[in-house]
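Student: Sequence first, predicted coordinates after that:
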Amino acid sequence: MARSAPFNPPSIDLPGKPFVPGWVPPPVTQEKHNFAQLKSIDLSLLDSEDPAVVENLIQQVKVAIRDDGFLFLENYGVSLEQLHRQFSLAQYLYKNISEEDKQRLLFEPDSGKWSGYKHPFGFKRHRGAADGIEQFNWYTADWEEIENRVPTCLHPFMDEIEAFANYLTKSVNRRLLTLFSRVLELPDDYLWDNVQSHGSPTGEGYFRHALFRPVKKETQEASKGLRMHGHTDFGLTTLLFSVPISCLQIWGRDEQWYYVPYKPGALVINIGDTLEIVSGGHFKATRHRVFKPPVDQLNEERLSLVLFNSSVGDLRMTPATESPLIQREGCVEEQGVYKEFKRLTDEGRLVPTNKQWREIQIATCTDPTDTVHNRVGAHQTIVDGKIMHQREYMGVKVVLPV
Ligand SMILES: O=C(O)CCC(=O)C(=O)O
Ligand SMILES: [Fe+2]
């Protein structure tokens, strides 16, 4: 597909497609405090014929990923109407999925993959405490075997969902990786050709429809308002859609959590661990979490659509030393995961492969409601007076704000 051609999905009224009620974005919060100010990147400028415009764009990206590790992406080729159709399909899924499909397609996170249906009772296959989060995750095997691996109610719409995931991966993400390759002063397709995994609409990554329902008081108390622990994503880039219910928070340079504001139609891009390592720490993996929304949104349901782009599973990540930027400026060792990978390498130990790195984190994920592990002395520790979540995966220490 031409890299910057706009998204052109299959028709919504083909014969046999049931009517899907339109998703109506819930009202935005009136709360104005604790919101991050993120830089917005206009992806269409990458096609400008004026080299000065393109150079300016690359500089903007460089500053945004160094300062925040998070950015908004606009004009990436999907209209608001097309995007809302995808949210309508996600809403349709949670209104129509049968109990039988929930059982049949139940996820098995112990396998290291989220593939399938996540029930709203925590991040293990067996039901734990309620967390109000339902998800359906599409991996390669799910795209390839729709009849057996996708909820029946979505079968008539898989042409649209697949076209969307394909466009996000092969057009939006590819152009985004061009921007990042250029920041590293490498050939345009360096990251796409050498690091991004391929095959199916999601390569070794996955696409998600998530629904966060309001939670009961007991859940909120057990989790202290947290819906997903502070974390970094393990892959290359994550493409999240900006949504009206404000729950996504990022960790600012001043070591505080800030909500990501709602920018209709925009994509929220976060940088995964792989990009931090490949860039030798010049890019920061985005520290983020999902928290309860401001009070005026506490009773609203939140839909979230996400594409997780994964790196090639067999690779053990190291910095791209052919990058002129890295050659000139060296690596930046104050960073989290890159610094840890470097420590292991310096000790003569093997770092995990990308596949090992993502699968161990999925298989050992804990719940925010887990009061046994979320205690100082268990998975928490105090660093400079702040409570931090501390885990170790295959010799790599991960310390993140709670
Ligand atoms: O739903 C969201 O906004 C973020 C979810 C997230 O960070 C994740 O699943 O890794
Ligand atoms: Fe995440």
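Tutor: All right, it came through fine. Residues are numbered from 1 along each chain as shown. Ligands and ions are numbered 1, 2, ... in the order given.
Student: ok, for Ala165, nearest residue in space, not its chain neighbours?
Tutor: Nearest residue to Ala165 in three dimensions, chain neighbours excluded: Pro201, at 3.8 Å (Cβ to Cβ, 6 or more residues apart in numbering). Where you see a C-beta, it was placed from the backbone N, CA and C, and this is true even at glycine.
Student: Name the helix or strand for the one you found, please.
Tutor: For Pro201, there is no enclosing helix or strand under DSSP states H and E.
Student: tell me the contacts of it?
Tutor: Going by Cβ atoms under 8 Å, 6 or more residues apart in numbering, Pro201 touches Trp138, Trp143, Glu162, Ala165, Asn166, Thr169, Lys170, Phe207.
Student: Go again with 10 Å.
Tutor: Neighbouring residues of Pro201 by Cβ atoms under 10 Å, 6 or more residues apart in numbering: 138, 140, 142-143, 161-170, 207, 307.
Student: between these, which is closest to ligand 1?
Tutor: For those, the minimum distance to ligand 1 (Cβ to the nearest ligand atom) is 11.0 Å, reached by Leu307.
Student: That closest one should be in a strand, yeah?
Tutor: Yes - when DSSP: H, G, I helix; E, B strand; the rest coil is applied, Leu307 is found to be in a strand.
Student: The closest residue to ligand 1 within the stretch 101-250 of the chain pairs with what?
Tutor: Residue of the stretch 101-250 of the chain nearest ligand 1, by Cβ to the nearest ligand atom: Leu248 (3.9 Å). With DSSP bridges as the criterion, Leu248 is bridged to Val290.
Student: What about Trp257, how many residues nearby?
Tutor: 17 (other Cβ atoms under 10 Å).
Student: Likewise for Ser279?
Tutor: Residue crowding around Ser279 was assessed by other Cβ under 10 Å; the count is 27.
Student: so it touches Leu177, yeah?
Tutor: No - using Cβ atoms under 10 Å, Ser279 is not in contact with Leu177, being 11.9 Å away.
Student: list residues touching both of these two?
Tutor: Residues touching both Ser279 and Leu177 (Cβ under 10 Å, 6+ apart): Leu191.
Student: Contact residues of the stretch 201-350 of the chain facing ligand 1?
Tutor: Residues of the stretch 201-350 of the chain found near ligand 1 (Cβ under 6 Å from any ligand atom) are Ala210, Met228, Asp233, Leu240, Leu248, His288, Val290, Ser304, Val306.
Student: Disregarding flanking residues, what is the spatial nearest neighbour of the third one?
Tutor: It stands for Asp233. Sequence neighbours aside, Gly272 is the residue nearest to Asp233 in space, at 4.2 Å (criterion: Cβ to Cβ, 6+ apart).
Student: Would you report the backbone torsion angles of the one you found?
Tutor: phi -90, psi 170 (degrees, to the nearest 10).
Student: check contacts around it.
Tutor: Contacts of Gly272 were listed using Cβ under 10 Å, 6+ apart, and they are 205, 232-238, 283, 285-286, 308-311, 337, 354, 358.
Student: from these, which ones fall inside helices?
Tutor: Using DSSP state H, Val337, Asn354, Arg358 are the members of the contacts of Gly272 that sit in helices.
Student: wait, the second one sits on Leu275?
Tutor: When you say that, I think you mean Asn354. No - Asn354 sits out of contact with Leu275 when judged by Cβ under 10 Å, with a separation of 11.6 Å.
Student: before we move on, the earlier item: can you go through the ones in helices among the contacts of Gly272 and name the buried ones?
Tutor: Buried members of the ones in helices among the contacts of Gly272, counted by 16 or more other Cβ atoms under 10 Å: Val337, Asn354, Arg358.
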